[in-house]
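Engineer: Kindly generate the corresponding structure for this input.
(2 chains)
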Amino acid sequence: MVQAILVFTYMINKKCLVAVAFLHLALSGFLFAGQEIKNSSFPLTYFQLENGLTIILSEDYSLPVISVMVAYKVGSINEQPGKTGLSYLLENLMFQGSRNVGRMQHISFIQRIGGTLSARTDREKTLFFQTVSSNQMAIVLWLEADRMKSLSISYTRVEQAKKAIIEEMKQKKSHNLFQNSSLLFDKLLFSDYIYYHPIIGEESDIRNISLKDVLDFHSTYYRPNNAVICITGNIDKQKTIYLIRKYFQSIPAGKPVPAINDSSQTPELTSKTESITNSLASTPGFFLGYRISPPYSRDYYTMSVIEYLLLKGESSRLYQRLAKKERTAQKIEGGIIKIKNRAIFSFFVTSTNNYTRNRSKKALLSELNKLKSNIVSEPELTKAKNLLKTAYIKRYATSLGKAFFLIETFLNNKDMQTFQDELNKYLEVTPTRIIGIANRYFNDKSILVNIEIK
Amino acid sequence: MKSRHFIPLLIILFLNPILLSQERFRKYPPNPEPLPSLKLPEIESWTLSNGLKISVIRLTKIPVISLQLIIFSGESTSPDSLPGLATITSKMLNRGSLNLSFSEIEKTIDLIGGEFSVQTFPDYTVFSLFFLEEYLDTALKLLSQMLLQPTFPRQEIENVKRNMFYDLAHKRNNPEYAGKKLLYQILFKDHTYRKIFFNDDIIKKYSLKNIQMFFNKFYCPNNAHLVLVGNLNLSTASRKVSSYLNTWKKQNIEIYHFPPPKPLEKTKICFINIPGLKDALIFSGSSLPPKTDPEYFSLIVLNQVLGGTPMNRLFMNLRESKGIAYWAFSEMEFYKSCGIFYIRARVRPDVIHSSVLESLNEIRRISAQRIPGHEIEQAKSYLIGNFPLAIQRYDELASRLSEIKALNLNEGHWNKYYEKIMYIDSQIVFKSAYNNLLNPPIIVIVGDQDNIIDELLKFKTVEVYNNSGKYLYQLTKEQ
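Structural biologist: So this is what the prediction gives:
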């Protein structure tokens, strides 16, 4: 109807066109009024435009600052064997210019106004985010809309991006001393190739990526119907909604996004031990991993508390035993890794020599056994939960942190109405549940990768 | 005929009816809205009978509290013969008290969902504790135990010394660290700020006796200020702080005033040899007035124009236009008695000499020719836009307040920041550049001597130092 009015207007009087276009925006916007969420510790509105673009807004007037985050639901998991690295390459291309924005100009526009910006690609999503003074929202939306609508993808730009990524790959290899062993560990943990190949891609795949590959990947995933925009901070909600519609509403939706090609059922993990010689590192170590229940299940929340008991804080069990008491470990890291509906509990330990490495392994396993048989004291459990609570709260302490938090919440299909009760799911974990869950998941079906040095 | 022309047009319009009108606004970047007002939260203050000052900022956004205890003594008050004593003393505070061992202190910090850290600055020291708001009493009790009954266990002194030693050993061959260290060492040769950087050979001299001596001399309530940010008001804070810290004894405290360092009479070129370094680093520095000086705001605008970000003069000239540097920036750091201005650049080893000359040219240019208005406005826009971004977290806000208290800064560093920056114009910046940037600089070059000897010999004389800052010999053209 509105379209008909427009054409009619064009035929009568060209000068009226702009005015009627805004009428169109206003009317169609009315059809998609936002949903305001009450009962939340911070205000939240979310809605979808006609083209499928999801919008999440959250106001906070404490400082004249806003963050804008655009998430595309695409990551390394959407790549096929032989075509790895496409999502990371697209992240790079998103800074190489669009129809009205020159190469790297997106960065200089934001930096010139004192803002900060960055981007991140992981297995499941690609995020672009900026934090600026609140009076500068329009320029951020203008920039994001321009690259969403009209990204410049040419043979030259693709080749430049490929070159830059291959260079970055070399840098990463020399800096990340345990990259090879970590990749082997991921391979054993996640048997599906799409889950474990490196996010940056395989070098040979990147070299073979063609312009057509990039164009196909881009037209499939970098469309408004596969994206979410989150704006947090000092915003005037009505004005923000107006600007979002102005810049994003006319960007055409893409075709429905294809489903991920993985095995429908999570394969059972079978116990495996492998060794790998690391020519770069000067210290031996090991990776140890267990499959745990899917993200945001009841058991998952208990496992998260176990993560804090074992690994977080100066007084955590493993840090105290391996680094302070027995002093057999140099580095102790680990925790839960989650990709889609799969979750892993992993440990990574390095030691000065093979003897201390083996002692560290023994001590770690004995700590896991202790967790399976001895009840955790209330003060220790409170300590773990309090550390978890601080970390959880700190996630939304800044406008950018809050944007990350809300995008994560949305993309993990959590209920936007009740997600703020989630913290209680961690805090409700009891000592008896911990024993039960530790027994269920820290079982003999583990993946162990021993890192040997030359 | 006419209607036939209309058909394709109609199709296009039906397919994307608002495309034409949208292209206009997509073509050019939109203008910003008017500058928002900056209303930072109110600071309430009180002084306890023992002289301990308390400042509270009430915020209710998240249920945590950020506590910072400032001791108005930093590395500049370490004895001349024992630089680093202020640092090790501050690192020892959480290592054991009369009733709590180090591991029990760590456990308590974890229990309150907390994070503890210490930073020793040239003029002051800050202890930061971040915790869940329901544990205010536990946090204050812990702080009082650390401050009132520290035991400085010998074993822990050795552990802290070992950590400091490894930390310095790790940094020694870092070209950025070595270059900046030598710059400070020469610029503050006869000034107390030279103690900001010290060598690992001094670490063995720290003992229980001198740590205790430093602690007893400077850690007293009338030389301290407690900052609290979170959901609490001044009366609750004062009452609680008083109940845990009122027995902290007031004592006579010596107030130190250090004059700024004397400027150099002529330019000095120094070199640090780090074998294996592929590129070269250049530092060029001189002193500035302190942060309390009214010129501070024009100086930071000036710095922004010269080299605050990759869009500014140094980067654009040395990297984008001449292609001789990987990056080139200018920095300003401010302390209580003075500030420091320096250029830092990573350059190709074959163009060190021309990079130095080009950097000095940029300083001369900015001090001799008035900066065009658009460059000034761009720099101001950056500074104003960036200011609130760095005070979003409670601990960031607390740190800003701690700095204000420690360096005696005024409202211009808080609510009046936008006004102060807006007031700056080309003429004011020009005056600041002329007054402050024309002193002869110290130039420090870091690189692999074998690769860059030809470049070094292009300078008249170069003083050669090792990576610990020890003078070795002089290199002259004649050699």
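Engineer: now A:Gly313, nearest residue through space, not along the chain?
Structural biologist: Of all residues not flanking A:Gly313 in the chain, B:Asp110 sits nearest, at 4.0 Å (C-beta to C-beta, 6 or more residues apart in numbering or on different chains). Every residue, glycine included, has its C-beta placed from N, CA and C.
Engineer: Can you name the residues of the stretch 351-454 of chain A sitting close to chain B?
Structural biologist: Neighbours of chain B within the stretch 351-454 of chain A, by C-beta under 8 Å from any C-beta of the partner chain: A:379, A:382-383, A:386-390, A:393-394, A:396-399.
Engineer: If we use 6 Å, what do you get?
Structural biologist: Contacts of the stretch 351-454 of chain A with chain B, taken as C-beta under 6 Å from any C-beta of the partner chain, map to A:383, A:386-387, A:389-390, A:393, A:397-398.
Engineer: and the residue nearest to A:Gly313, helix, strand or coil?
Structural biologist: Recorded secondary structure, B:Asp110: helix (DSSP: H, G, I helix; E, B strand; the rest coil).
Engineer: Next, work out how far apart it and A:Leu309 are.
Structural biologist: Counting by C-beta to C-beta, to the nearest Å, the gap from B:Asp110 to A:Leu309 is 11 Å.
Engineer: Over to B:Ile43?
Structural biologist: B:Ile43 is 39 Å from A:Leu309, by C-beta to C-beta.
Engineer: more crowded one of those two?
Structural biologist: Using other C-beta atoms under 10 Å in any protein chain shown as the criterion, B:Ile43 and A:Leu309 rank with A:Leu309 on top: 23 against 18.
Engineer: Nearest residue to the more buried one in space, please, no chain neighbours.
Structural biologist: Nearest to A:Leu309 is A:Ala384, by C-beta to C-beta, 6+ apart, at 4.5 Å.
Engineer: just checking, that neighbour touches A:Leu311?
Structural biologist: No - assessed by C-beta atoms under 6 Å, A:Ala384 is found out of contact with A:Leu311, at 9.9 Å.
Engineer: the more surrounded of the two?
Structural biologist: Each of A:Ala384 and A:Leu311 has its neighbours counted (other C-beta under 10 Å); A:Ala384 has more, 30 against 19.
Engineer: Give me the phi and psi for the more buried one.
Structural biologist: When read as degrees, to the nearest 10, the backbone of A:Ala384 gives phi -60, psi -40.
Engineer: those helices in the stretch 201-350 of chain A, which residues are they?
Structural biologist: A:203-208, A:211-221, A:237-248, A:298-311, A:317-318 (DSSP state H, counting those that start in this stretch).
Engineer: could you dump the ones you listed to a markdown table with mean pLDDT?
Structural biologist: As requested, the helices of the stretch 201-350 of chain A are exported to a markdown table (pLDDT from 0 to 100):
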| stretch | mean pLDDT |
| --- | --- |
| helix A:203-208 | 96 |
| helix A:211-221 | 97 |
| helix A:237-248 | 96 |
| helix A:298-311 | 97 |
| helix A:317-318 | 97 |
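Engineer: How about the contacts made by A:Phe442?
Structural biologist: Counting by C-beta atoms under 6 Å, 6 or more residues apart in numbering or on different chains, A:Phe442 touches A:290, A:368.
Engineer: Kindly report the residues of the stretch 51-200 of chain A close to chain B.
Structural biologist: So the stretch 51-200 of chain A meets chain B at A:63-65, A:100, A:108, A:111-114, A:131, A:133-136, A:138-139, A:142 (C-beta under 6 Å from any C-beta).
Engineer: Now, these that are in helices?
Structural biologist: Among those, the members found in helices (DSSP state H) are A:108, A:111-112, A:138-139, A:142.
Engineer: are any of those residues buried, and which?
Structural biologist: The neighbour count (16 or more other C-beta atoms under 10 Å in any protein chain shown) marks A:111-112, A:138-139, A:142 as buried among those.
Engineer: Among these, which pair sits farthest apart?
Structural biologist: Maximum pairwise distance in those, criterion C-beta to C-beta, is 17.0 Å, between A:Gln111 and A:Ala138.
Engineer: can I see the domain layout of chain B?
Structural biologist: B:44-245, B:268-476 (automatic domain parsing).
Engineer: And the shortest one, end to end?
Structural biologist: The stretch domain B:44-245 measures 19 Å between its terminal residues, going by C-alpha to C-alpha, to the nearest Å.
Engineer: how far does that domain sit from the chain's center?
Structural biologist: The chain centre lies 17 Å from the centre of domain B:44-245; the measure is C-alpha atoms, centre = their mean, to the nearest Å.
Engineer: quick one on the thing from earlier: ok, the ones in helices among the residues of the stretch 51-200 of chain A next to chain B vs A:Asp444, which is closest?
Structural biologist: Taking C-beta to C-beta as the measure, A:Asp444 sits nearest to A:Gln111 out of these, at 53.3 Å.
Engineer: Count the residues that sit near the nearest residue to that closest one once chain neighbours are set aside.
Structural biologist: Nearest residue to A:Gln111, sequence neighbours excluded (C-beta to C-beta, 6+ apart): B:Thr309, at 5.4 Å. Neighbours of B:Thr309 under the rule other C-beta under 10 Å: 16.
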